[in-house]
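Participant: One predicted model, sequence on top.
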Amino acid sequence: MAKDDNSGKDLTAADSSTVGHEGAPAGTAVVVRDAVANPGFPPHRPRVTDLNPSAERQAERTVYTLFYLSIVGSVFAIIAYMAFPIIEEDPSSVRLNNLFIGLGLTLALLAIGIGAVHWGKALMFDHEGVDERHPVRGSDETRERAVEIFHEANVESGIGRRTLIRNSLIGALIAFPLPAVVLFRGLGPMDTNPSALLEHTMWKKGTRLAIDPTGTPIKASDVTLGSAFHVIPEGLQDLGHGKLEEKAKAAVLLMRLKPEDINEPADKKDWSYNGIVAYSKICTHVGCPVALYEQQTHTLLCPCHQSQFDVTNQCEVIFGPAKRPLPQLPITVDSEGYLIAQSDFTEPVGPSFWERN
Amino acid sequence: MSTATTTTELVETKKSGGLTGAAANYIDERTSISTAVKELGRKIFPDHWSFLLGEVALYSFVIILLSGSFLTFFFHASMTPVEYDGSYMPLKGVEMSAAMASSLDISFDIRGGLLMRQVHHWAALLFVAAIGLHMLRIYFTGAFRKPRELNWVIGFILFILAMAEGFTGYSLPDDLLSGNGLRIIDGMVKGIPVVGTWISFLLFGGEFPGEQIVGRLYSLHILLLPAIIVALIAMHLLFVVVHKHTQYPGAGRTNQNVVGYPVLPVYAAKAGGFFFIVFGIVMLMASLFTINPIWNYGPYDPSPVSAGTQPDWYIGFADGALRLIPPGLEFVWLDRTWSFNILIPLVALGLFILVVLIYPFIEAWVTGDKREHHILDRPRNAPTRTAIGAAGVTFYAALWATASSDIIATHFKVTMEGVIHTMQFMVIVGPFIAFFVTKRICLALQKKDREIVLHGYESGRIVRLPGGEYIEVHQPVDEYERWKLVSYNDYKPLMIRPNANGKITVGQKARAGLSRWFFEDRIEPVSSTELERTHGDHH
């Protein structure tokens, strides 16, 4: 008989039941005494292939035909490998190679699969079998023996009694993986503070603004009203290692607006030149390039999570998950009329990080 | 001597079986394999289409292993810059990582290489999808109940690992799209308080993107994660054997038996054949449909990006969660940056995952039912569970759809802001709507079942009575069909009572509250007494 759970401590007795076959508590389950009885298995219904010998022969033919077809598919795939080679600088040859090897293999695989399933469903003996279930738990005898074994092991080893041995072993087992944690420090370069790296970029006073990706410096006169340029610092292309790392911080968008459209605070009045403004291209949310410039509304849109920045208003966030405005790069022109940076960014660019303040 | 006679006997039996018998004897004498055949060879597996979902997952994994092994022979997991010199003209001479260049070589210079890449990618998408659907089947039929709670946990961990495998693999070609995915991961990691900056620094071996990450992800992708997945799959299947498979309610089926076809031969033929069908369909997709055309995206560069960037489908829910955060949730406090625009999605998704992981234990605690359950519930017969599931699905689906917010906006010509605001509403309110609607539908379906059992089904035959009244004749269901409608578990809300010390604890109150929420609306199964009574009415 099943009992209510927690031995009746915290609930009224649920209707008792005989359903749990190992007598486990049924909890709040309702067990109806006058439940409808299980009618037992329905009569077996023979298949067409059991009743009609010609249907059976037809099924047999289908199965072996499919298996032979599979062989055809395999052979076809091998022939296709040779008959449709990849010809250099001919993209359609790649397509044909892919298509015909693939179709051959598809036929080889599907025909085996469908044939085997059809064999199983139409021809193999189709009377269902019944297995008895037994409780998952071990029998009481087995469990007692298991407890006994642990007890014997305890007595024979003395692990419960010799507490010094036990505790020192536990300590040793906790300590030994710790060096691995230290070893993982080597994943990043030693003697480097990651947050310090994020504080500065490649831009310096006098660095020319250059077109991404060619590296051609940009003259202020080339920047027409309403245009936008993807910009990198001049010299970035000549870097060997570390080029992408620098680019990931230094990428800039350059746009020219009507000077009267730009709302500039007094301390940043001279950061733009003739309505030309430069902002970091790296989103302050999680770092995607804010590459989409909506010229009519002067907004920048990040294609990853749709943060929008108002170029006329210090690139403040007007929509989306980003919080901080895109950092502005102070620019001016040099004696030859090329746009140059006045300095590095005055704050870290890109996504926020813990040490940023 | 007795030993001598046994030997001769063995020799004789060996001879009688011919070559197969001799081989079997040779192996059995060294492995005792006959024991395994005896135990497993005629083991019964029940049949139902929904049981195939787990098989699809397993088979996709095998396909992934096969195609992935092929790819490892050609792929270079290195970010060393090289100048591309392969067959694909538009990128000739472009500087890119060795990983990207070798991925292009696999696609354009190795016969069948593109096919294997596409088989690998399609099978990976199918793998995660099949696990997801398999989990939904388990959930909505209550297959996670005792004794299968731990197998639910293993399966769920496999789901997480499958997504991890997917993401690490997606990042390996080092193309523009996958690089942007890593950039987003980097940004999210940096937003984690205290350790974020350091984790990013160690993960990328310095500053993003560095030249380490592809090699590191490769180790995870082809060694560590697959090893864990293989071990967990082995455990998962071992438990299926130990527990024996669940079965749907049906005439003759009880909690003490399992009805179906034996492994040898029917199940082996069907399941084995099904492997080839799954493989064949993946192969067909790989032959006909391009997936992840990295040659269109080009190598990774932190500056360009294309509109409409999207991750593989299974990462969508996380990307969507990032998009839904309203502006301004980032603060400087105590001289440190607190990025709640990152933390809220991370914590919300973490909680969601945790609730799904422990759901079987919550339900077991609420019902207090300690019995083993081997007969599956029809979803309608567990209305609250089904409604919770529908709410969870809605939450996930809303997050997932949000990952395409920009595409929805451009495609349907609506504003970006409008889409985001709608999805914010859907993520928060949608689950509640789904919960109530689903629960009502379940209860209504249960009522319909009762109606059918008690009064039969509508036969469509209209009869005119002598008095001029028209009635539709109802046909009674046969007893086998009826059994499916009346044999289900029913629970009552828990009534609390003081314990031995005369106190009602907080835990009991919580449990009683949850129990009421679960079970206060309930439709009892038809009993034999009711059945007899209505039979009297009808005849």
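Facilitator: Great, that's in hand.
Participant: Select the helix or strand of chain B having the lowest average pLDDT value.
Facilitator: helix B:2-16 (a mean of 49; mean pLDDT, DSSP states H and E).
Participant: next structured bit after that helix?
Facilitator: helix B:18-31 (DSSP states H and E).
Participant: how close does the closest residue to B:D28 other than its chain neighbours get to B:V94?
Facilitator: Spatial nearest neighbour of B:D28, excluding adjacent residues (C-beta to C-beta, 6 or more residues apart in numbering or on different chains): B:S34 at 4.8 Å. In this view, the C-beta of every residue, glycine as well, is placed from N, C-alpha and C. Relative to B:V94, B:S34 is positioned 62 Å away (C-beta to C-beta, to the nearest Å).
Participant: B:I420 too?
Facilitator: Distance from B:I420 to B:V94, counting by C-beta to C-beta: 36 Å.
Participant: out of the two, which sits in the more crowded spot?
Facilitator: B:I420 (24 against 17; other C-beta atoms under 10 Å in any protein chain shown).
Participant: Could you confirm whether any residue of the helix or strand that one falls within contacts chain A?
Facilitator: Applying DSSP H and E as the criterion places B:I420 in helix B:416-455. Yes - contact of helix B:416-455 with chain A (C-beta under 8 Å from any C-beta of the partner chain) involves B:416-417, B:420.
Participant: same thing with stretch B:360-368?
Facilitator: Yes - Stretch B:360-368 reaches chain A (C-beta under 8 Å from any C-beta) through B:367-368.
Participant: contacting residues around the most centrally placed residue in chain B?
Facilitator: By C-alpha atoms, centre = their mean, chain B has its centre lying nearest to B:G132, at 2.1 Å. Residues counted as contacts of B:G132 (C-beta atoms under 8 Å, 6 or more residues apart in numbering or on different chains) are B:159, B:314.
Participant: So which elements touch the helix ranked longest in chain A?
Facilitator: Secondary structure of chain A per DSSP state H: the longest helix is helix A:53-83. Applying 3 or more C-beta pairs under 8 Å, 6 or more residues apart in numbering or on different chains; DSSP states H and E, we find helix A:53-83 packed against helix A:48-51, helix A:91-118.
Participant: same thing but at 10 Å, please
Facilitator: helix A:48-51, helix A:91-118, helix B:268-288 (3 or more C-beta pairs under 10 Å, 6 or more residues apart in numbering or on different chains; DSSP states H and E).
Participant: Work out the gap between it and the centre of the chain.
Facilitator: Relative to its chain's centre, helix A:53-83 lies at 40 Å (C-alpha atoms, centre = their mean, to the nearest Å).
Participant: That helix to helix A:91-118, inter-axis angle?
Facilitator: With axes from the mean of the first three to the mean of the last three C-alpha atoms, to 10 degrees applied, the angle from helix A:53-83 to helix A:91-118 works out at 160 degrees.
Participant: and helix A:53-83, which residues are buried?
Facilitator: A:56, A:59, A:62-63, A:66, A:69-70, A:73-74, A:76-77, A:80 (16 or more other C-beta atoms under 10 Å in any protein chain shown).
Participant: ok, now stretch B:501-508?
Facilitator: Neighbour count says stretch B:501-508 has B:Q508 buried, by 16+ other C-beta under 10 Å.
Participant: go on, stretch A:257-268?
Facilitator: Neighbour counts over stretch A:257-268 (16+ other C-beta under 10 Å) mark A:257, A:262, A:264 as buried.
Participant: do stretch B:394-401 as well
Facilitator: B:394-401.
Participant: Skip the chain neighbours and tell me the closest residue to residue 198.
Facilitator: Reading this off chain A. A:P348 is the one closest to A:L198 (C-beta to C-beta, 6+ apart), at 5.0 Å.
Participant: try again with chain B
Facilitator: Nearest one to B:W198, counting by C-beta to C-beta, 6+ apart, is A:P194 at 6.0 Å.
Participant: Distance of that neighbour relative to A:K247?
Facilitator: To A:K247, A:P194 is 18 Å away according to C-beta to C-beta.
Participant: Out of those two, name the residue with the larger neighbour count.
Facilitator: A:K247 (25 against 22).
Participant: Quick check, pLDDT for the residue in the stretch 251-357 of chain A that chain B sits nearest to.
Facilitator: Closest to chain B within the stretch 251-357 of chain A is A:V286: 2.6 Å, counting by C-beta to the nearest C-beta. What the model reports for A:V286 is a pLDDT of 94.
Participant: contacting residues for it?
Facilitator: Neighbouring residues of A:V286 by C-beta atoms under 10 Å, 6 or more residues apart in numbering or on different chains: A:302, A:304-305, A:307, A:321-322, A:350-352, B:180, B:183-191, B:322, B:339, B:341-342.
Participant: returning to what we had before: could you check how far the residue nearest to the centre of chain B is from chain A?
Facilitator: For B:G132, the distance to chain A equals 23 Å [C-beta to the nearest C-beta, to the nearest Å].
Participant: and that residue, that one's in a helix?
Facilitator: Yes - counting by DSSP: H, G, I helix; E, B strand; the rest coil, B:G132 falls inside a helix.
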